[in-house]
Every structure is written in C-alpha cells, then in structure tokens.
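Novice: Return atomic coordinates for the entry below.
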Amino acid sequence: MLEKFFKLRDNHTTVKTEIIAGFTTFMTMAYILAVNPNILSAAGMNPKAVLIATALASFVGTLLMALLANYPFALAPGMGLNAYFAYTVVIGKGYSWQAALFAVFVEGVIFIILSLTNVRESIFNTIPTTLKAAVGVGIGLFIAFIGLQDAKLIVHNDSTLVTYQNFKGENFHSVGIGAILALIGLIFTGILLVKQVKGSILIGIFTTWILGILCEVAGIYVPSPDNGMYSVIPSGFVSLDFSSFQETFGAVFAIDFNSFHLIDFAVIIFSFLFVDLFDTLGALIGLSTKADMLDEEGKLPRIRPALLSDAIATCVGAIFGTSTTTTFAESATGVTAGGRTGLTALTTGLLFLLSVIFSPLFLSVPSFAIAPALILVGFYMMGAVTKINFDDMSDGIPAFLCMIAMPLAYSISEGISIGVISWTLINLLTGKAKEKKISVLMYVLTILFILKYIFL
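Specialist: Have a look, this model is predicted:
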C-alpha cells in the first residue's frame, strides 16, 4: 500500500530509507518544540498550550505535505515569524496575542487564495531579489539578538543601551552561570554543526540543559526567579493532561475588532505574508534542487499542492494557537538521508504528534539552553547576504537599512517597511526606475508604508 500510494519505486527509494529520513528530519526540527513556547510565552501565552499547538500544527502541515504533494518536506511554526508575533505585534505594538493569531489566520487565508492562482509567482517576481535576501538576513540578526538577550549575555545598560554580562556581579550563581552555560552550549553546538552531526541543534540544547541540571544539583547554579532564572530540573517527563490547550484553541476568533488600527494591522498581515511567502518558496526551491526534483525547465512539478499544504497549515496552526507554520529548510537533512517521498514527511509528522505527551520535558528546557539554538539559527539565515550586490549601492543601501533596522528597531515589519521605501525612492530619484523595473506593487507598498509612518 505504501509503495502504491507514495510511488516509492518510481522515486528510487524504500520504506526503510524513507522512515530513517523522516526520523532524521524530526531530530533536526524538534528544537522548535522547546523554542516556540519559549518565544510565544513572552507574548503572554501559556507555554504548554503553545507546545501542544506547535506539535499539532507541525503534524497537520507535514501530513498535508505528505498526502497532497508527496514530498519529503516537513512543516512547523517558523523561526523569525514567531519572534515577529511576540516581540513586534504583541509587545511592540500592544496587540493581544489573540489579535496576532487572527493576523496569522488572515495571512493564511490570503496564502491559500494565492496558492490556488498564479498571483503568487507575480508577487514573488516583483519584489527585488536584494530585498528578499535582506529580509532573511535581517530576521537572522533579530533572532540572534533575542538569543543573546535570553542567554543574559547581552543586557540593558543606561549609558550604552546594551552591554555584555558582568560575570563578577552579585548574581553570578544565577544569571552569570546561565550565561556561561549558554556560551559553552554555543561552542559545543557549533562544533557539532562543523562535524555535520545529525540533530546538532537538538543535541546542543539538551546537552546545555543537562549541564545546567548538574550545576544546580552541585549548588553552582542557584535559581533566582527575581532575575528570570528558574530551576532547570524537570518536574516530569510525560503528561496526558491537555487541558491547557483550551486556552489557545479557537482563541483566534476571540478578539475585539474595535482595538484594530486598519492600516497598521494591514501592514502586520502583509509582513506575515511577505516572510511566509518567500520563506516557503525559497525552502521549496532549495530543497527540491537538493533532491533533484525540478523538471527540465527548473520548476517544481507539484508546487501548487505544496504551497497549499503550507497555507492550510498556517490557518490550522492559528486556530490551534501558534504563529505561522511554514516549510522548514531543516528538511534537507532528511533529503540528504535519502528521503524522496511523502512517506518521509508522514514519519516526521507522526513523531511530532507523539511528542505532545512529552510536554513537561520540553517545557523544562531553560532559556540559556535554547539561546545557542537561536544564535545559530541567526547564523544560518545570514548566508543569504551573499545574494546582495553591495557594489550596486541602489541595491546595497536599502538592503543594509532593511537588515540593520530589524534588530535595532526590534521589529521585522519596520525592517521590511524601511527596505521597501528606501529601495523604491533611491532607484526612482536616481533615474533607475526603468533599469530596475520598479513594479506597480512596489509603488503601492511604498505609499502604504509611508502613510503608516505619517498616521500611526
């Protein structure tokens, strides 16, 4: 049955290879089960409810990819989009997390419509490549900055805004030890990545956590709730209590529309859509190229059901209670292990479903153990900087402004806004409008972003 449904022989693979590949993909993605609740809890959401929503959204999205598109790609709440959700939309702009979920849901609906038409290719082609790359790099810098803060390696300072941790301070046995463990975890995980160890990020998280447990048992690490440093010893490993899920399930529709600023909320939805659209297309193209799945014209044969799977997963994830669900580039590990069909994705999805009962384990992971993963995810996303032509200043300057604005303004949407405005105006006012083929969409976006700064 598996052979017939997933066409294993036609794709030159076997059940054993596909299952191993699916497990490999899960190992490299499972860190999201610890990281996503950590980030979204900053928005006031229940971490356990978020973990359950994360696992279920990942299961549904990956299952859709397996059944609709028969591709070995896995989905989960995306890094960067979860940070935008918590730190920009909720903390920065003051919206409730329910309103943020609604924005994700609307973005998913728009993505579904685009996935059923040819509009998505038009949008993708009208946005300059330099801005697509700059957004990815900027998000990477933003995520890394959050990781450095979560590790308490970078802290607030009145005179310089931020500074490095003072390891000689009175909180050495709480904040200081946590920061040192984060540094150790960062180096250790970096070594694993260099050695190309499968599941490096997940191994790094759990190794750093175990070191934290040993330090707490030995009295070297002392929990200090006042400083945000809690006990790292898990209270349990398995839980069948899913009652917390009620807090987020369906909360997407429990919102007060009177609190919305129309233009501002439209920008939020566009920012979610912008990043999701290009992340998904970029991941699909990159993964299919690695798996040699592109046709003679360089196109992905079943891209429409693949995009549709991603879009539906975003809507379902919002209903469950998590930020945008998207195709993960980490699926490349499963492809490298030989995965070529939806059976790989199905295996990964079932493992995500199984992980729901291990919520106490993932929720006990301290922020200083997760921080190295955030920093190194930032490193991964920095790779797109090579796609920016800095010799062409009309491209390089807007890209630079877009990238630097995200961590410094603590907002992904501000980076996108500044990038779009500066790219359009610089090229328009220097007479390069025809050369750069500035589209109507870019003019419209530029006007909308400028109006946002004038009226909001």
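Novice: what mean pLDDT does stretch 89-108 have?
Specialist: Confidence over stretch 89-108 (mean pLDDT, whole number) is 92.
Novice: Numbering from 45 from now on, please.
Specialist: That works, and once the first residue is 45, the last one we named lands at stretch 133-152.
Novice: First-to-last residue distance for that stretch?
Specialist: When the termini of stretch 133-152 are compared using C-alpha to C-alpha, to the nearest Å, they are 17 Å apart.
Novice: ok, now stretch 274-283?
Specialist: Looking at stretch 274-283, the gap from its leading to its trailing residue is 21 Å under the measure C-alpha to C-alpha.
Novice: And stretch 366-384, by the same measure?
Specialist: Chord length of stretch 366-384, first to last residue, is 28 Å (C-alpha to C-alpha).
Novice: mind listing what's buried in it?
Specialist: Judged by neighbour count using 16 or more other C-beta atoms under 10 Å, the buried positions of stretch 366-384 are 366-379, 381-384. C-beta: built from backbone N, CA, C; applies to glycine.
Novice: per-residue pLDDT, Gly463?
Specialist: Looking at Gly463 specifically, the model assigns a pLDDT of 91.
Novice: ok, it - contacts?
Specialist: The contact partners of Gly463, by C-beta atoms under 8 Å, 6 or more residues apart in numbering, come to 175, 178-179, 182, 442-443, 445-446, 449.
Novice: By pLDDT, rank those residues and give me the bottom one.
Specialist: When the contacts of Gly463 are compared on pLDDT, Val179 comes out least confident, at 82.
Novice: where does it fall, phi/psi-wise?
Specialist: With angles defined as degrees, to the nearest 10, Val179 sits at phi -60, psi -40.
Novice: isn't it right next to Asp323, touching?
Specialist: No - using C-beta atoms under 8 Å, Val179 makes no contact with Asp323, being 9.1 Å away.
Novice: more neighbours, the two?
Specialist: For Val179 and Asp323, the more surrounded residue by other C-beta atoms under 10 Å is Val179, and the numbers stand at 28 against 25.
Novice: Just list the residues touching that one, thanks.
Specialist: 318-319, 322, 446, 456, 459-460, 463.
Novice: Same check on Ala101?
Specialist: When the contact criterion is C-beta under 8 Å, 6+ apart, the partners of Ala101 are 119-121, 357, 360-361, 364, 366, 369.
Novice: Which of those sits closest to Ile83?
Specialist: The shortest approach to Ile83 among these belongs to Pro121, at 9.1 Å (C-beta to C-beta).
Novice: okay, which residue is most central for this structure?
Specialist: Central residue check for the chain by C-alpha atoms, centre = their mean: the C-alpha nearest the mean position is that of Met123, 1.4 Å away.
Novice: Identify the residue spatially nearest to that residue, adjacent ones excluded.
Specialist: Across the structure, with C-beta to C-beta, 6 or more residues apart in numbering as the measure, the residue nearest Met123 apart from its sequence neighbours is Val421 (5.2 Å).
Novice: other SSEs contacting the helix or strand harbouring that neighbour?
Specialist: Secondary structure assigned from DSSP states H and E places Val421 in helix 411-426. Using 3 or more C-beta pairs under 8 Å, 6 or more residues apart in numbering; DSSP states H and E as the contact criterion, the elements in contact with helix 411-426 are helix 76-84, helix 173-194, helix 221-238, helix 244-261.
Novice: Any chance of JSON lines for these, columns distance to Ser399?
Specialist: Putting the helices and strands packed on helix 411-426 into JSON lines (distance: least, C-beta to C-beta, whole Å) gives the following:
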{"stretch": "helix 76-84", "distance to Ser399": "6"}
{"stretch": "helix 173-194", "distance to Ser399": "22"}
{"stretch": "helix 221-238", "distance to Ser399": "21"}
{"stretch": "helix 244-261", "distance to Ser399": "11"}
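Novice: closest to Thr161 out of those?
Specialist: Thr161 lies closest, by C-beta to C-beta, to one member of the helices and strands packed on helix 411-426: helix 173-194, at 20.4 Å.
Novice: Lowest-scoring secondary structure element of the protein by mean pLDDT?
Specialist: Confidence across the helices and strands of the chain bottoms out at helix 163-170, with a mean of 67, counting by mean pLDDT, DSSP states H and E.
Novice: Could you check how far the residue nearest to the centre of the chain is from Val319?
Specialist: Remark: distance between Met123 and Val319 (C-beta to C-beta, to the nearest Å) = 10 Å.
Novice: Strands along the stretch 345-494 of the chain, start to end?
Specialist: Chain-ordered strands for the stretch 345-494 of the chain, with DSSP state E, counting those that start in this stretch as the definition, fall at 369-371.
Novice: Can you pull out the low-pLDDT segments for the stretch 45-194 of the chain?
Specialist: The model of the stretch 45-194 of the chain has pLDDT under 70 over residues 164-169.
Novice: the strands in it, which residues?
Specialist: For the stretch 45-194 of the chain, the strands defined by DSSP E, counting those that start in this stretch cover 119-121.
Novice: State the number of residues packed around Lys239.
Specialist: For Lys239, the neighbour count with other C-beta under 10 Å is 8.
Novice: Then Leu328?
Specialist: The tally of other residues near Leu328 (other C-beta under 10 Å) stands at 24.
Novice: quick check: longest helix of this structure.
Specialist: helix 306-334 (DSSP state H).
Novice: Can you point out the buried residues in that helix?
Specialist: Going by 16+ other C-beta under 10 Å, helix 306-334 has these buried residues: 309, 311-329, 331-332.
Novice: follow-up on the earlier one: dump the residue contacts of the residue nearest to Met123.
Specialist: Val421 sits next to 123, 184, 187-188, 191, 245 when contact means C-beta under 8 Å, 6+ apart.
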